[in-house]
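**Q** The following block contains a protein sequence and its predicted model.
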Amino acid sequence: MHKNKLIRVFNSLSGNELRLFKRLLESKMYNQNPEVLALFNHLRFQATKDNPNFSKEQIHEKLFAGTPYNEKHVRDIISYLFKALEKFLSLHEYQIDPERELLNLCRAYRKRSLPKLFESSVKKAKQLIENGKRDVEYHEFSYQLQWEKYQATFTKKGRAKSNNLQQVSDSLDINYFANRLKQCCVMLSHQSVFNISYDMGPVDSVIKEVERKELLHIPAISIYYFGYLAQTNTENLQYFKALQKSLNTSAELFEIDEMKDIYLLAINIGIKNLNQGNLEFISDLLEIYKSGVENRILLTNNQISPFSYKNIIALALRVKQFDWVEKFINDFRNSIESSNSEAIYSYNFAKLKYEKKEYKEALYLLLQTSSTGDLYVSLDTKILLSRIYYEQNDLDALENVVESFKIFIRRSKIISYHKISYCNFLNSLIKLIALNQYDKAKKIKLCKEIEQLQPLPDKYWFLEQLS
């Protein structure tokens, strides 16, 4: 029963949701079987135990004590409770969406030919959305509300000369453009990571229509318009800067979850361009990260992802913001969203020491992270150790790191994209070590090879060594 769908969904409910679900089961409108409520109480009690017993035998003993075991009867009660739970989830989602509730109320009054109540509900719905966000859902709701108004006019007057058909058409266009651009941004982002090709549909026509209708003043359109163009025109920095500007001016107009997705979209675009050697993205990307952290957009339950933590520090170190980095490292030391937060902290502190050429302190910190259970911290530790030993010309230590690096990559279950990245680093490092530093032609050849190699962590470091 632990893998039963009822138990899995039941265990996902919060304390408040459990209380609301019980009220629904106590209502004869939704449940007239007392055994269903008894099963709910049994499951709720078992869920509080360290070793809960959700077996069918235990359920039968609790609900039908003194009667012969009847598995079909138990299965039926479980099925009834699950259906009631699905009904509750549907109603709960409806109740936490006041816009949808008001829209349905407008529709109900329209169908019942109650124009005054319809107009009153429309007015309330408009006030509600005007005081809310301006995200994609806002425009979807606006279109549906305009359509309800047209339907009411049509029902009342037939094919009346005066209507809101133009507003219906305009709101439909805006809703479609915003959703189409948003979807294309998501598809492009996914495509670049997983090497999958998607059909973007008529997005070029959407771009032209947005420009023709001059709709870039609408945040839900402009932010995805620039997001799409920044991904498809990586050589043109103006689109990325326009996206960054939209982030700064429109953040409060979107729900926090959608705004987080938009920030991550901008960050991924910046990282992709940075990995291709476009160093002008460093400062802009760092500012996006800082803004996302300061506005709590990139935090989840006041915790920061280890990837954001690492990337922010790496970018700030590239522009030599050592004092700011040290403060950031310590301020968020206890907010890293990982069971290996101390290892992540030590690695990033080691990176700061390395950038300040304090190699001894950096090596001491890296020795604490070399045996961590975090796969990517272990890999990044080996990269940083390689760089330190190379710069110190400690060839014996460097050879040991290279050999352990090879074995680690061969044995570890690394995501394919990352495996290519780390293999490229290792192969480039081996070529750099073997290079005759006095052979100018070979240095130029290796430099060009590294410039074109994708993906390659710390590409800039290789180019610095070769310069």
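**A** Alright, I've got the coordinates.
**Q** Quick check: buried residues in the longest helix anywhere in the chain?
**A** Using DSSP state H, we find that the single longest helix of the chain is helix 165-194. Buried residues in helix 165-194, counting neighbours by 16 or more other CB atoms under 10 Å, are found at 167-168, 170-175, 177-185, 187-189. Where you see a C-beta, it was placed from the backbone N, CA and C, and this is true even at glycine.
**Q** any idea which helix or strand comes after the helix or strand hosting residue 107?
**A** Using DSSP states H and E, residue 107 maps to helix 98-111. Downstream of helix 98-111, the next assigned helix or strand under DSSP H and E is helix 115-130.
**Q** Who are the packing partners of that next one?
**A** Judged by 3 or more CB pairs under 8 Å, 6 or more residues apart in numbering; DSSP states H and E, the packing partners of helix 115-130 are helix 98-111, helix 136-157.
**Q** buried sites along the shortest one?
**A** It refers to helix 98-111. Buried-residue list, helix 98-111, by 16+ other CB under 10 Å: 99, 100, 102, 103, 105, 106, 107, 109, 110.
**Q** what is the orientation angle of the helix or strand hosting residue 207 with helix 165-194?
**A** Element membership for residue 207 (DSSP H and E) is helix 203-212. Here helix 203-212 runs at an angle of 130 degrees relative to helix 165-194 (axes from the mean of the first three to the mean of the last three CA atoms, to 10 degrees).
**Q** Tell me which helix or strand comes right after helix 203-212.
**A** Downstream of helix 203-212, the first helix or strand assigned by DSSP H and E is helix 219-232.
**Q** State the mean pLDDT of whichever helix or strand comes after that next one.
**A** Next helix or strand after helix 219-232 toward the C-terminus (DSSP H and E): helix 237-250. Mean pLDDT, helix 237-250: 90.
**Q** What pLDDT is listed against residue 1?
**A** Per-residue confidence at residue 1 stands at 53 (pLDDT).
**Q** which residues touch the helix or strand residue 396 falls within?
**A** Taking DSSP H and E as the criterion, residue 396 maps to helix 395-411. Around helix 395-411, the neighbours that count as contacts under CB atoms under 8 Å, 6 or more residues apart in numbering are 378-379, 382, 385-386, 389-390, 419, 422-423, 426, 429-430, 433.
**Q** Residue 192: what's it in contact with?
**A** Counted by CB under 8 Å, 6+ apart, residue 192 has contacts 231, 268, 272.
**Q** just checking, what packs against whatever helix or strand residue 264 lives in?
**A** Using DSSP H and E, residue 264 sits in helix 256-275. On a contact count with 3+ CB pairs under 8 Å, 6+ apart, helix 256-275 meets helix 165-194, helix 219-232, helix 237-250, helix 281-294.
**Q** Could I get the buried residue list for the second one?
**A** Residues of helix 219-232 classed as buried under the neighbour-count rule (16+ other CB under 10 Å) are 219-231.
**Q** list the buried ones in the lowest-mean-pLDDT helix or strand in the chain?
**A** None of the helices or strands of the chain scores lower by mean pLDDT, DSSP states H and E than helix 136-157, at a mean of 84. Buried residues in helix 136-157, counted by 16+ other CB under 10 Å: 136-153.
**Q** and residue 347, how many neighbours does it have?
**A** 27 (other CB atoms under 10 Å).
**Q** Distance of the spatially most distant residue from the centre of the chain relative to residue 60?
**A** Computed with CA atoms, centre = their mean, the residue of the chain farthest from its C-alpha average is residue 66, at 52.5 Å. Relative to residue 60, residue 66 is positioned 11 Å away (criterion: CB to CB, to the nearest Å).
**Q** Kindly indicate which of the buried residues of helix 219-232 lies nearest residue 39.
**A** Nearest to residue 39, judged by CB to CB, of the buried residues of helix 219-232 is residue 220 at 45.0 Å.
**Q** center of this protein - which residue?
**A** In the chain, the centroid-proximal residue (CA atoms, centre = their mean) is residue 261; its distance is 5.0 Å.
**Q** Report the contact partners of residue 265.
**A** Here residue 265 is in contact with 185, 186, 189, 227 (criterion: CB under 8 Å, 6+ apart).
**Q** Would you reformat those residues as TSV and include distance to residue 330 and pLDDT?
**A** As requested, the contacts of residue 265 are exported to TSV (distance: CB to CB, whole Å; pLDDT from 0 to 100):
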residue	distance to residue 330	pLDDT
185	35	92
186	35	90
189	32	84
227	34	93
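**Q** Specify which member of these is nearest to residue 54.
**A** Nearest to residue 54, judged by CB to CB, of those is residue 186 at 37.9 Å.
**Q** how close does the closest one get to residue 100?
**A** For residue 186, the distance to residue 100 - CB to CB - is 23 Å.
**Q** Residue 432 now?
**A** 59 Å.
**Q** looking at the helices and strands packed on helix 115-130, which is closest to residue 452?
**A** Ranking the helices and strands packed on helix 115-130 by proximity to residue 452 (CB to CB) places helix 136-157 first, at 38.4 Å.
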